[in-house]
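Peer 1: Prediction below, plus the sequence it came from.
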Amino acid sequence: MRILHLLSNWKWTERSEPAAELALAEQHAGHDVVFACARPPMACNGDAAARASELGIRDVRRIVLPKHLSPWTVPGAGAAIRKLVEDFRPDVVHAHMRNAHLLAALAGVGRGGARLVRSVYEPDGLPSGLRERLLAAFACDGVVAITARAAMSAVRAGVPFRNVAVIEPGIDVARFAPRGDRKAARESFGLPADGFVVGVVSRIREARRIDLAIDAVALAAAGGVNARLLVCGRGRGDAVDRIVLRPAAAAGIGGRVVAAGYCRGERLVDAYTAMDVLVYPAHGTDPSCRTVREAMAAGVAVVASRRGFAIDLIAHGVTGMLVEPDAAKIASALVRLSNEQARLASIRGAAAEAACTRFSNKKRASKSGAFYRQLCAADRSGEEPSRVRDGKGWEWRVAREFLAAFEGGIPENGNLIHGKKGRECLVVEFPDGTVPGSVVVKRHRPRVALEHIKYAFQPTRAMAEWRNARALESAGVAVARALALGELRRFGLWFGSDLVMERVLPGTTLREYLDAADRGDGPCRALVLDLAAQVARFHAAGYHYRDLHVGNILVAEDGTARLIDLHEPRRAYRDERRVAVDDLARLNSSARVPGRARVMFLKRYMSLRGWDPRGRKELALEIDAATKAIWSRHLRKHGTRIETYGVSK
């Protein structure tokens, strides 16, 4: 596979390094790779192109590819990218920064030729702004995100769910693998062999909150820990003296602090080898927390603030510790690890093992290659439905997979499931076997004369369900697939709609399934977890469902949940947590769910949404309050006391 990597920067930064390492790993995997980055404004030896060549990338190009958008550079950058694409003929163009993405799109990349892929290194998703949303929706074949919540932000922006991959950034795990000669490493930094060494690897500036590490070490030392602080990093002017040395002297630990300066190469590896614990108070310009990943690969226990990507990287108490950004809480974690050496050794070993499993550049390249092949194999024409006009004047939108069956027309007769004036739902069989089994046809006709005019100016219920079903399927939500939509309009007036949907067999609603199933068995637990995943994706895609209840969820033959009756979902334009609570309360009010299953559901839901798991009880209380409000409104409206599911009144 031929892969072109675009980096819109000439400096060696937190974006340059993972981009170059991925290109190198893909080269080692046998792909034909070109790494293109910006041309430096003046001659220098440490630019991104030079460093990429040092790593071992064979084909490195310097082109016009600025970091920031400027109307004066667009023509030159567009011409440079077009020439590079014409000469190299890549299968995939992978943009690692947003201006590289924009310039590649303006140069015509992705229009019927190479697939245009964007990497998102922010753990919370695409940066906000109209430009990002437009690029994601109209000029992006695929997105590589580092977290599930970042992936869902891309889906919300318009990228189909199947075209989004979650691949954690990699590092050279072999380079940072734990080494045995800790005594020699400590001597090289002037540290005692028997001390408890706390490390900080950071740019020296106030925003990195090194003061928290200094105060924490001072508190730990006051508690009897033989603590030493090793600070690796540089800053501008007198930053080291002003931010590290003077505050340390004021805290009474001036003799316990070693300012090692900027460490790179083997010196950085020696620094990690000398440490017992790395304190990571705050990330800087790199939200992917490379320092944390390097420390874990080196077998260093990390005590990090419970913020950003660190939450995804560290399993609290297993591969590190997550605390609030407070000196007293950091100090408490340090004292605990110093006093419990067995626990410290366990965390160090687990961290190194987890890093080797998760952060290998070889595995990252393997996942990226599989994702590229998936994108290249996809038929772009299959995204849009075909438009067909039949002999009766009906205008049809037909999904590609249903087109062959549709050529014979939709049978008029079928088994009526339910019906009322202007609304019928039929099960229609295709005896020729073109369509497996059968389909559900929903027929909508005007109930009153006013509807001829009403639906001339607004989407019909059938059109709303068609759009929602296709959008939610693209967002990775398991729904009954929309196969075809036909509408009859004359002189601009609406006269009818037919919506053809996939029939979900055996057709058991979730209410019927829960009433009949053993709530403690494996399939039921698996269904609860699957439903939590579907609802999480539904909300992450930016929708809310005012009619979400167990009667509108079918259980398929494979034991997964499918949402039906999708004319009600709407885009959520208000507080997303409030929308989520309202929808979950509607689901809660319609189902008898035991407490254990409910806990499983909420844990899974909050994990996929990227919400802090410690807020589960608070979320449950909010859902209970909203559930009681729903039933209070229902009882006031109907004036009778009726049976409720899961709600005590």
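Peer 2: In hand now; what should we look at? What you see is a predicted model; the values in this text were computed from it and never measured. Residues are numbered from 1 along each chain as shown.
Peer 1: all contacts plus neighbour counts: C-alpha atoms, from now on.
Peer 2: OK.
Peer 1: ok so Val439 is a helix residue?
Peer 2: No - inclusion of Val439 in a helix is not indicated when DSSP: H, G, I helix; E, B strand; the rest coil is applied; the result is strand.
Peer 1: Identify the residues contacting it.
Peer 2: Val427, Val428, Glu429, Val500, Met501, Glu502, Arg503 (C-alpha atoms under 8 Å, 6 or more residues apart in numbering).
Peer 1: now do 6 Å
Peer 2: Residues counted as contacts of Val439 (C-alpha atoms under 6 Å, 6 or more residues apart in numbering) are Val427, Val428, Met501, Glu502, Arg503.
Peer 1: want to try TSV for these, with neighbour count, secondary structure and pLDDT as columns?
Peer 2: Converted to TSV, these look like this (neighbours: other C-alpha atoms under 10 Å; DSSP: H, G, I helix; E, B strand; the rest coil; pLDDT from 0 to 100):
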residue	neighbour count	secondary structure	pLDDT
Val427	18	strand	87
Val428	20	strand	85
Met501	23	strand	90
Glu502	20	strand	88
Arg503	19	coil	87
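Peer 1: just for the stretch 1-150 of the chain, where's the confidence low?
Peer 2: Low-confidence regions of the stretch 1-150 of the chain, defined here as pLDDT under 70, cover residues 43, 45, 112.
Peer 1: how about the strands of it, start to end?
Peer 2: Assigned by DSSP state E, counting those that start in this stretch, the stretch 1-150 of the chain shows strands spanning 2-7, 32-38, 60-63, 92-95, 115-120, 142-145.
Peer 1: closest one to Ser360 among those?
Peer 2: Across the strands of the stretch 1-150 of the chain, Ser360 has its closest neighbour in strand 142-145 (16.2 Å, C-alpha to C-alpha).
Peer 1: Just checking the distance from the closest one to the centre of its chain.
Peer 2: Distance of strand 142-145 from its chain centroid, counting by C-alpha atoms, centre = their mean, to the nearest Å, is 9 Å.
Peer 1: In the chain, where is pLDDT below threshold?
Peer 2: Of all residues in the chain, those with pLDDT under 70 make up the ranges 43, 45, 112, 379-384, 408, 431-437, 517-522, 572-575, 592-593, 638-649.
Peer 1: May I have stretch 541-552 exported as CSV, CA atoms only?
Peer 2: As requested, C-alpha coordinates have been extracted for stretch 541-552 and formatted as CSV (Å, rounded to 0.1, in the frame of the first residue of the first chain):
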residue,chain,number,x,y,z
ALA,A,541,-24.0,11.1,17.9
GLY,A,542,-26.1,14.1,19.1
TYR,A,543,-29.6,12.6,19.2
HIS,A,544,-32.3,12.3,21.8
TYR,A,545,-35.3,10.0,21.6
ARG,A,546,-38.5,11.2,23.2
ASP,A,547,-40.1,7.8,22.8
LEU,A,548,-37.3,5.5,24.1
HIS,A,549,-38.9,2.6,25.9
VAL,A,550,-38.6,-1.2,25.9
GLY,A,551,-41.5,-1.5,23.5
ASN,A,552,-39.4,0.3,20.8
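Peer 1: Can you give me the buried ones in it?
Peer 2: Neighbour-count burial for stretch 541-552 flags Ala541, Gly542, Tyr543, His544, Tyr545, Asp547, Leu548, His549, Val550, Gly551, Asn552 (criterion: 16 or more other C-alpha atoms under 10 Å).
Peer 1: one step back: just put the strands of the stretch 1-150 of the chain in a markdown table and tack on distance to Ile417 and mean neighbour count.
Peer 2: Formatted as a markdown table, the strands of the stretch 1-150 of the chain follow (distance: least, C-alpha to C-alpha, whole Å; neighbours: other C-alpha atoms under 10 Å):
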| stretch | distance to Ile417 | mean neighbour count |
| --- | --- | --- |
| strand 2-7 | 52 | 24 |
| strand 32-38 | 57 | 24 |
| strand 60-63 | 64 | 19 |
| strand 92-95 | 48 | 27 |
| strand 115-120 | 45 | 24 |
| strand 142-145 | 40 | 26 |
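Peer 1: Present these as TSV; the columns should include distance to Ala626.
Peer 2: As requested, the strands of the stretch 1-150 of the chain are exported to TSV (distance: least, C-alpha to C-alpha, whole Å):
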stretch	distance to Ala626
strand 2-7	48
strand 32-38	53
strand 60-63	57
strand 92-95	44
strand 115-120	36
strand 142-145	34
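Peer 1: Helix, strand, or coil at the nearest residue to Asp390 once chain neighbours are set aside?
Peer 2: Counting by C-alpha to C-alpha, 6 or more residues apart in numbering, Asp390 lies nearest to Trp396, which is 7.7 Å off, once chain neighbours are set aside. With three-state DSSP as the basis, Trp396 sits in strand.
Peer 1: show me what contacts Trp396?
Peer 2: Residues Arg387, Val388, Arg389, Leu485, Gly486 are the ones in contact with Trp396 under the rule C-alpha under 6 Å, 6+ apart.
Peer 1: go on, Gln341?
Peer 2: By C-alpha under 6 Å, 6+ apart, no residues touch Gln341.
Peer 1: My guess is Ala157 contacts Arg133. True?
Peer 2: Yes - checked against C-alpha atoms under 6 Å, the pair Ala157 and Arg133 is within contact range at 5.3 Å.
Peer 1: what about the closest residue to Met606 other than its chain neighbours, neighbour count?
Peer 2: Beyond its immediate neighbours in the sequence, the residue positioned closest to Met606 (C-alpha to C-alpha, 6+ apart) is Pro613, lying 6.4 Å away. For Pro613, the number of neighbouring residues by other C-alpha atoms under 10 Å comes to 14.
Peer 1: and if you look at the one 3 residues further on?
Peer 2: Using other C-alpha under 10 Å, Arg616 has 16 other residues around it.
Peer 1: Gln341 versus that one, what's the distance?
Peer 2: Note on Arg616: its distance to Gln341, by C-alpha to C-alpha, to the nearest Å, is 32 Å.
Peer 1: do Ala561 as well
Peer 2: Between Ala561 and Gln341 the computed distance is 47 Å (C-alpha to C-alpha).
Peer 1: Quick check on Ile553: phi, psi?
Peer 2: With angles defined as degrees, to the nearest 10, Ile553 shows backbone torsions of phi -130, psi 120.
Peer 1: Pretty sure it sits against Asp565.
Peer 2: No - counting by C-alpha under 6 Å, Ile553 sits too far from Asp565 to count as a contact (8.8 Å).
Peer 1: more crowded one of those two?
Peer 2: Neighbours were tallied for Ile553 and for Asp565 using other C-alpha under 10 Å; the higher tally belongs to Ile553 (22 against 18).
Peer 1: Roughly how far does the closest residue to that one other than its chain neighbours sit from Ala536?
Peer 2: Closest residue to Ile553 apart from its sequence neighbours, by C-alpha to C-alpha, 6+ apart: Leu563 at 4.7 Å. Relative to Ala536, Leu563 is positioned 13 Å away (criterion: C-alpha to C-alpha).
Peer 1: Ok, Ser366 next?
Peer 2: Applying C-alpha to C-alpha, the value for Ser366 to Ala536 is 28 Å.
Peer 1: For the two, work out which one has more neighbours and name it.
Peer 2: Using other C-alpha under 10 Å as the criterion, Ser366 and Ala536 rank with Ala536 on top: 22 against 16.
Peer 1: Show the contacting residues for the more buried one.
Peer 2: When contacts are taken as C-alpha under 6 Å, 6+ apart, Ala536 is in contact with Tyr605.
Peer 1: Using the three-state scheme, assign it.
Peer 2: Assigned by three-state DSSP, the conformation of Ala536 is helix.
Peer 1: Start the count at 54 instead of 1 going forward.
Peer 2: In the new count, where the first residue is 54, that last one comes out as Ala589.
Peer 1: re the thing from before, include distance to Arg523 and secondary structure when you put the buried residues of stretch 594-605 into TSV, please.
Peer 2: Below are those laid out as TSV (distance: C-alpha to C-alpha, whole Å; DSSP: H, G, I helix; E, B strand; the rest coil):
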residue	distance to Arg523	secondary structure
Ala594	12	coil
Gly595	14	coil
Tyr596	13	strand
His597	15	strand
Tyr598	15	coil
Asp600	18	coil
Leu601	18	coil
His602	21	coil
Val603	21	helix
Gly604	21	helix
Asn605	17	helix
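Peer 1: I appreciate the help and will end here.
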